[in-house]
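Asks: sequence first, then the predicted structure:
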Amino acid sequence: MLHRTTLANGLRVLLVPDPATPVVGVAVHVDVGFRSEPEGRTGFAHLFEHLMFQGSESLEKLAHFRHVQGSGGVFNGSTHQDYTDYFEVLPAAALERALFLEADRLRAPKLTEENLRNQVDVVKEEIRLNVLNRPYGGFPWILLPPVLYDTFPNAHNGYGDFSELEQASLDDAAAFFDTYYAPSNAQVTVAGFLDVDETLRLVEKHFGDIPARPTPVRPSFAEPVPGAERRRSVPDAHAPLPALAMGFRLPDPATDLDGYLAHMLLASVLGEGEAARLQRRLVHADGLVTDISAAAGLMGSLDARDPDTFTVTAVHPGAVDPDRVITAVDEELDKLAAQGPGADELSRQVARWSAGAHQENDRVMYRMLGLGARELLYGRAEITDELPGRLAAVTPAAVSAAAASLRGAGRGVLLVEPGKGENA
Amino acid sequence: MTTATHRSAEEIGRTPAGPRPLPELGVTREVPLPDVADTTLPNGLRVLVARRASVPMVELRLRVPFADPAPGSGHPAIAELLSETLLTGTATRDRVGIDDELATVGADLGASVDPERLLVHGSGLAEGLPVILSVLADLLTGATHPDHEVARERERLVERIAVARAQPRTIAREALQRVRFGDHPITAEMPTAEAVTAVTAEQVRATHAASLVPRGSTLTLVGDVDPAAATAAVERALGGWTSPATALELAAPPYPAPGDLVLVHRPGSVQSQLRLSGPAVPRDDPAYAALQLANLVFGGYFSSRWMENVREDKGYTYGAHSGPEFIPGGAVLGVDTDVASDVTAAALLETRYELGRLSAVPPTAAEIEAARSYAVGSLLISLDNQGGLASTIAGLSAVGLGLDWVREHPARLHAVTVDEVAAAALRFFAPSGFTGVVVGDADVIGPGVRALGGIAG
């Protein structure tokens, strides 16, 4: 089902054939995310992702987009805490072309001053669109980390500060590429309609002659779990209602996967569906919040290495004191810590996770990206396919322990206050 | 900034071997689309079922035409609350009981409503289809819209509407709908807080009884199911859902007339929303394939003239997109981008320039070939999962089309000539044919955009 190899230059390769689809996907995951960008260059990993679409030795500016779409395909890229992905999904006829396009920019991207300035402007528009010009922009993924974390890698804004984006230089880009985009720091995932041997041959043909470079040493981003609650308020000129986010630390999925999975199910028991604990208590019984949700992982579950964040987020009427919301969440966590969820309650959440896993597997793009990210982060793409079974094995006692661990540790609390100050 | 010694940008972009040739395309495997079992039950409900066994799931879409039967009587707000409380109680299940029963088979159902239709959508494990259908039947025939649930959802809806109306895209959308369609009911996409507050549980229950009816509605199922058995299961479960009434289709709105762009003031805005619109044609029109290709070349995908200009050359925007939006009786064209305040006039100028250029300097054969490949390929990709296929079947059936339209569409796209695309460009993209809105901080953008002309307000 999963086929792996590593090229002589260190590039890891994961092939996932699916004989039933007419579609194929190619993804390159690079082992660098916004946690690795240097101080003074916030937003650089994401800016660099944009630059990788701007042409390479064999491809003029705009050619990458035109070749993917002109072959009937779709493309994108995204920057996460610990990795950056680049991908396209196309009719199977375009497999070799997609490998060529990815290899060309991993080998020799064309980094120019003109394209850098252009993409700084584009990224600033992306940030205006998603953060500055709208209510609850960056809530909670940009706003919560600086409350919970102390070190620059974990606390800073991964979208970047405008003045730092503007200071980014071509030499910064060259250094970032040479350091982090070494073939041995990247992985190619091909999923969909493919012949394994032929695809291995094509991967070798296109990526094999990228010269090896040193693999960057991956630093630990570990920092102590806070011992107490930290709290911060931020104004939001566009927001009509207050919002709050509670951020807790998650177990390390690399060393305590079952503990992490218990937190995933805790998030579901708290927030997923009309029967979830926080929905019943805070939305309906007490009428404290408009909407509330819980999630394991700041940018998705099993999407980052340690440390990562368990979040509870809510939007609530201005007449409700945020401490009433926080107290009610704490009480629900205390109940779960004391008694745990019911066995049926838990198995219903596992059934929904399993159904969600089937839906992810039904789309070549999602299956490819999920397998690729878990292979890169944890060295085990298999986690994706084992997930339903492993979640089913999580006991109510384990979920109870997860709730207790959240209550027993410090946390960050972010309060978004509407209609105050300058949002931009 | 990270290594003591690294290559320069110029060195990185060059290899001894030099540039390499683009590989040719290979062969794409043909995967036929499934047959769709098409049955109309005695109660008038149309049932469409297709087998796609890629994963052991089933996707469900129930579309009930839900037009306002008496404009001015509060229907949009009532419909919103009906949708919000549809899954909150029946004679035998409460809100939690409904959700618990669905979750047991990994299922999720949700309801949403707009001026055209009420949609119940969801998915679940295929083996759980009888459970899903039994819950659905209970909702359709036995939802009680309990007083306390209506009261709570009324409060929440008012809060959610406040949040939605703070979003620039909502402000722009509401302004555009008014400019395009005046006071036609198609514009009633989001009720006012006052209208929501005035709704009673009795009104919600009465609208459910009168308007949420099987005749004229369509249930689509796609997944790892046997079409005949699934159709029989639907008939058993939903046979008792009956009404003498027929679900009400929304009347076609008038096509938007060309006119000045209306400047809408949003104080403190750091970006502006450009929303231009003009007439288009629907999928069964002989000119649709040519329109689709002309649109792709203009702004319908990343590799379009407009996107390459305003994003990749000028850096005015993160995204610019154009495309048809289907409305009762036809379609309209939308031309949308969000740009920084200080480049709003410049972006509007480039947008009008590209519109004019598409009609005056029509798409080349190469541009059309790329658009054609993308249209065919992206259609293939969009149908390669149960959810995409279910939504496509449901969307086509709403306008009287079936999967044959999809099967035949690649051939239609291949048959379009360069001249036909040029004719479509002239017909649909001439800047004189558009109306629309510009939303932004008028104190900042007003002088610049007014100077270009064609701006009202």
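Replies: That came through fine.

Asks: give me the buried positions along stretch B:250-259.
Replies: By neighbour count on 16 or more other Cβ atoms under 10 Å in any protein chain shown, the buried set for stretch B:250-259 is B:250, B:253, B:256. All C-beta atoms are positioned from the backbone trio N, CA, C, and that covers glycine.

Asks: so which of the residues you listed sit within helices?
Replies: With DSSP state H as the criterion, helices contain none of these.

Asks: those residues: which ones sit near chain A?
Replies: Among the buried residues of stretch B:250-259, no residue lies close to chain A (Cβ under 8 Å from any Cβ of the partner chain).

Asks: how much space separates the residue of chain A most remote from its centre from A:Glu96?
Replies: The outermost residue of chain A relative to its centre, with distances by Cα atoms, centre = their mean, is A:Ala319 at 34.1 Å. Distance of A:Ala319 to A:Glu96, given as Cβ to Cβ, to the nearest Å: 61 Å.

Asks: mind listing the strands for the chain?
Replies: No chain in the question, so chain A it is. A:3-6, A:12-17, A:23-30, A:74-79, A:84-91, A:186-192, A:229-236, A:243-249, A:291-296, A:309-315, A:411-418 (DSSP state E).

Asks: wrong chain, I was asking about chain B
Replies: B:36-40, B:46-51, B:57-65, B:108-113, B:117-125, B:218-223, B:261-265, B:271-280, B:317-327, B:330-340, B:435-440, B:455-456.

Asks: which residues does the one residue in the stretch 301-450 of chain B that gets nearest to chain A contact?
Replies: At 1.7 Å from chain A, B:Gly377 is the closest residue in the stretch 301-450 of chain B, using Cβ to the nearest Cβ. Each residue near B:Gly377 by Cβ atoms under 8 Å, 6 or more residues apart in numbering or on different chains is listed here: A:71-73, A:90-91, A:94.

Asks: try it again with 10 Å
Replies: When contacts are counted by Cβ atoms under 10 Å, 6 or more residues apart in numbering or on different chains, B:Gly377 touches A:22-23, A:68-74, A:89-91, A:93-94, B:28, B:410.

Asks: for B:Val281, same thing?
Replies: B:287-288, B:290-292, B:324, B:330-333, B:424, B:427-428.

Asks: now with 7 Å?
Replies: B:287-288, B:291, B:330-331 (Cβ atoms under 7 Å, 6 or more residues apart in numbering or on different chains).

Asks: report pLDDT for it.
Replies: As predicted, B:Val281 sits at a pLDDT of 98.

Asks: over to A:Glu422?
Replies: Predicted confidence (pLDDT) for A:Glu422: 45.

Asks: ditto for B:His75
Replies: Turning to B:His75, the model gives it a pLDDT of 98.

Asks: what residues does the stretch 101-250 of chain B put near chain A?
Replies: Proximity of the stretch 101-250 of chain B to chain A (Cβ under 7 Å from any Cβ of the partner chain) is limited to residues B:103-106, B:108, B:123-125, B:152, B:156, B:159-160, B:162-163, B:166-168.

Asks: just the buried residues of these.
Replies: Of those, these count as buried by 16+ other Cβ under 10 Å: B:103-106, B:108, B:123-125, B:152, B:156, B:159-160, B:162-163, B:166, B:168.

Asks: farthest-separated two in those?
Replies: The largest separation in those, counting by Cβ to Cβ, is between B:Thr104 and B:Pro168 at 41.1 Å.

Asks: in helices, which of the residues of the stretch 101-250 of chain B next to chain A fall?
Replies: B:103-104, B:152, B:156, B:159-160, B:162-163, B:168.

Asks: what about residue 287, neighbour count?
Replies: You didn't pick a chain, so chain A it is. Using other Cβ atoms under 10 Å in any protein chain shown, A:Gly287 has 15 other residues around it.

Asks: to clarify, I was referring to chain B.
Replies: 17.

Asks: equivalent analysis for the one 4 residues further on, please.
Replies: With neighbours defined by other Cβ under 10 Å, the count for B:Leu291 comes to 28.

Asks: could you find the closest non-adjacent residue to the residue of the stretch 301-450 of chain B closest to chain A?
Replies: A:Gly72 (1.7 Å; Cβ to Cβ, 6 or more residues apart in numbering or on different chains).

Asks: and the buried residues of stretch B:250-259 as CSV, adding pLDDT?
Replies: Listed next are the buried residues of stretch B:250-259 as CSV, based on pLDDT from 0 to 100:
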residue, pLDDT
B:Leu250, 98
B:Pro253, 97
B:Pro256, 96
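
Asks: turn those residues into CSV, including distance to A:Gly271.
Replies: Below are the buried residues of stretch B:250-259 laid out as CSV (distance: Cβ to Cβ, whole Å):
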residue, distance to A:Gly271
B:Leu250, 35
B:Pro253, 39
B:Pro256, 42
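
Asks: where in the chain is pLDDT low?
Replies: If you meant another chain, say so; for now it's chain A. By pLDDT under 70, the weakly predicted segments of chain A are A:420-424.

Asks: to clarify, I was referring to chain B.
Replies: B:1-4.

Asks: domain ranges for it?
Replies: The domain map for chain B lists B:36-238, B:261-456, with the assignment taken from automatic domain parsing.

Asks: end-to-end on the last one?
Replies: Distance across domain B:261-456, first residue to last, is 6 Å (Cα to Cα, to the nearest Å).
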